[in-house]
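>>> From the sequence below, what's the structure:
(chains A and B)
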Amino acid sequence: MSEYTQLLLFVGLGVVFGAIALVAPLFLSPRYKGRETEDTYECGVDTIGSAWIRFGVSFYLFALVFVAFEVDILYLFPVALVFDEPAFGWRAFVEIAIFLVILSLAIVYAWRKGVIRWKK
Amino acid sequence: MGSLELFLPEATVLVGALVAFVLAILRVPQRIAWGAATVFGIASVVMTAVYLNASGEPFFAGIYRVDALSQLLKLGITGSLALTLLVGRDLASFRVSTRVDVPIFLFFATLGMMALVSATELLTLYVSLELSAYALYVIAALQRRERMGSEVAAKYVLYGAAASAISLYGISLIYGSAGSTYLSAIMQTTMSPVFAVGILLALCGVFFKLAVFPFHAWAPDTYEGAPHEAVAFIGTASKVAAVGLLVRIVLFAAPAGEAITIALLVLSVLSMTIGNLAAIRQHDLKRLLAWSTVAHAGYLLIGLSTMSTVGVASGLFYVVTYVPIVFAPFVVVCVLGRDGSNPTKASIAGLYQRSPLLAFTLLVGMFGLAGIPPTAGFVGKWFLFSAAIEKGFYWLVIVAALNATVSLYYYLLIVKEAYLTPATDASEVRMSGAAQAAACVVVVAAIAFGSFPRHVWEACEAAARAAFAVAG
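Below you'll find the predicted structure:
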C-alpha cells in the first residue's frame, strides 16, 4: 500500500466518521415533541419569563472587555509556577509586568472611547 | 542572541503604533494624528532603507532572520504604509468616529507583515500572519456606510479565518512529519505524502492573502466595499508580505518540490485566466482592481513555480515594482472617492481635463498593470516569462502572454475613458499636497524601475540568493 493510499484512507475515514455522527442520531434519537422541547435552554436552568426581552447594549461591551482581560489571566499561571525559582525571579516579574501594561492599554482604550460610561 | 539593532526598522513601526495609540486616546484632532503617523511612516521607510543590506538574527537563533530577502520586502511593505498614509489625510470613506484610530491598525498590520517576511519558524510565522490579518480585518470594517462595512468585513473575516484554519492544519501536518517547527530543520526532512499535503494546506493562507484562485472570492467584494485607503494598503503591502511567506515556504518545502511546482502551475494558469476574464466585465474601478489582483497573483506564481534563483528573483521584482504600479490607480480612487463613493468608468470620464496629474497617474498605473514599456510592469513580465522559458515551461508562457493581451483591453479602456471621453462634470479635482507627492512618487518609481531596472533587479537577485542560501 503506497503512502498516498494510506493518506486517502485517512481522509475517507475522516469523512465516514463525520457522516456517522450526523446519520446515527436520525435512527437513535428519541422522537417526541412536547412543551419542554421548545423551551429556551440556558445551562439547564428554567428561564424566567420570555428570553426575547430588550437589555442595554452596554452589557455586551462590558462582557467583551471582561472576556478579553479574563482569558489573558491564563497566561499568568505559568509564570506563577516558576516565579520563586532563582533562574526566573525578577526577569519573570518584569516580563509579566510588561504583559499586563500591554493588556491594560486595551482597557485604557475602551475607557477613553466611552465604553465604560453607562449609556441610557 | 544577535544584535537587536537589526530590529530597528520594525521598532520604528512599533513606536509609530504606540504614538498613534496615545494620540488616539488623547482625542487629538485627526489632522495632527495623521501628521504624526505620516512622519513615522516615512521614518520607517528610511530606517528600512538604511538597514537594507543588513543580515543576521536579532533574537534567538532560528526564529527570526534579517537577510536580503526580508529587507527588500520590508522596504516594499513600509513603502506601501507611507504611501497609504500620504493619501490618507482625509480618510473620507472611513466612519468619522474611527478615523483617528486608523493609523494604529495600519502600523500594527505593517509590523505583523514585517515580522512575517523575517520569520523562519512556524509559530512565529503564524503569529505574525494573524497580527497583520486582525489589523486588516478591523480597518476593512470601518466603512462609512455601516451596513456595507459589516458585510465586507464579515466576508473578509470568514474567508480569512477559514484560510487560516486550513493553514494551521497544514502546519500541524508539517510539524508532525518533520518533528520541528524550525524551517531549517523542516528542510532536512525526507519527502512523504503527509509532508506534501501539509505544505499545500499551509500555503492556503498565502493564497488567500494573494487572492489566488480558488481563494479569491473575498477580493471583489472586500475591494468594492472596504474604505479606499484600507483597500490600497491591503492591495499593496499584504501582497508583498504574502510573496515573502510564499518564497520561504516554497524553498523550505524543497523535499516536496515536484508536487508543489505542479500545484503552483495549475493555480497560476487558473488565477490569471479567471482574473482577467472577470475584470473585463467590471465598471467599478475598485472591483476591476480586485480582479486584476487575482490575475497578477497568477503571473507571480509563474516565477515561484520555477523554483530557480532567476524565477524567485523575477517574482520578487514583479511584486516590488507592483507596489508603485498598483498604488497609482489607488491614488485616483482615494482622491476621487472623497465623497465615500467608488469611482466608476463613468465618473473618471474626462479626468485629464479635471486633473492632469491624476489622469497621468492613472495612465501610468494602467500601463504598468497591462505591462506596457517604459513602465516596470513590462520589465517585470519580461523577467517572469524568461525565467519560465529557461525552465522549458513554453505553454505556460503562451497562456500568460494571451492573458496579458486580454488584460490590455480593459486597462486601456480605463485610459480611454480618462483621456478621450469628454468630462460630464468639468469641475477641477482638488488634491492635497501629500496626495500630490504620493502621485509623483508612484509615477516616478513606476517609470524609473521600468527604464533602469538594473539596481532593483540586482537587489532581487541578491534576495533570491539569500533565500536559497538559507534553504541550503
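>>> near chain A, which residues of chain B?
B:21, B:24-25, B:27, B:192-194, B:197 (Cβ under 8 Å from any Cβ of the partner chain). Every C-beta, even on glycine, is put in place using the N, C-alpha and C of the backbone.
>>> Buried ones among those residues?
B:21, B:24-25, B:192-194, B:197 (16 or more other Cβ atoms under 10 Å in any protein chain shown).
>>> Tell me the residue of chain A that sits nearest chain B?
Closest residue of chain A to chain B, Cβ to the nearest Cβ: A:Arg112 (4.1 Å).
>>> B:Ile139 contacts B:Pro103, doesn't it?
No. Using Cβ atoms under 8 Å, B:Ile139 makes no contact with B:Pro103, being 9.8 Å away.
>>> In chain A, what helix or strand scores lowest on average pLDDT?
Every helix and strand in chain A was compared by mean pLDDT, DSSP states H and E; the lowest is helix A:58-73, with a mean of 82.
>>> cool, chain B as well?
For chain B, counting by mean pLDDT, DSSP H and E, that's helix B:183-186 with a mean of 82.
>>> So which elements touch that helix?
helix B:146-178, helix B:228-252 (3 or more Cβ pairs under 8 Å, 6 or more residues apart in numbering or on different chains; DSSP states H and E).
>>> same thing but 6 Å
Judged by 3 or more Cβ pairs under 6 Å, 6 or more residues apart in numbering or on different chains; DSSP states H and E, helix B:183-186 is in contact with no other helix or strand.
>>> returning to what we had before: so of the residues of chain B next to chain A, which ones are in helices?
B:21, B:24-25, B:193-194, B:197 (DSSP state H).
>>> mean confidence for the following helix or strand past the least confident helix or strand of chain A?
Sequence-wise, the next helix or strand downstream of helix A:58-73 (DSSP states H and E) is helix A:76-82. Across helix A:76-82, pLDDT averages out at 84.
>>> List of residues touching helix A:76-82?
Outside of helix A:76-82, the residues within contact range by Cβ atoms under 6 Å, 6 or more residues apart in numbering or on different chains are A:88, A:92, A:96.
>>> Which of those residues ranks first by neighbour count?
For the contacts of helix A:76-82, the largest number of neighbours (other Cβ atoms under 10 Å in any protein chain shown) sits with A:Ala92, at 18 neighbours.
>>> ok, how many other residues are close to the residue lying closest to it once chain neighbours are set aside?
Leaving aside its sequence neighbours, A:Ala92 sits nearest to A:Val79 (Cβ to Cβ, 6 or more residues apart in numbering or on different chains; 5.2 Å). A count of nearby residues for A:Val79, using other Cβ under 10 Å, gives 14.
>>> Just the closest of the ones in helices among the residues of chain B next to chain A to B:Val456, please.
Closest approach to B:Val456 among these (Cβ to Cβ): B:Phe21, at 34.5 Å.
>>> What score does that closest one have for pLDDT?
Reported pLDDT for B:Phe21: 92.
>>> doesn't B:Leu106 make contact with it?
No. B:Phe21 is not in contact with B:Leu106 according to Cβ atoms under 6 Å; the separation is 11.9 Å.
>>> I'd like to check which residues are in contact with B:Ser44.
B:12-13, B:78.
>>> how many other residues sit next to B:Asp389?
Let me fix one detail, which is that residue B:389 is Ile and not Asp. B:Ile389: 13 neighbours (other Cβ under 10 Å).
>>> tell me what the host helix or strand of it is packed against?
Per DSSP H and E: B:Ile389 is located in helix B:376-390. Packing partners of helix B:376-390 (3+ Cβ pairs under 6 Å, 6+ apart): helix B:285-305, helix B:309-336, helix B:394-419, helix B:433-451.
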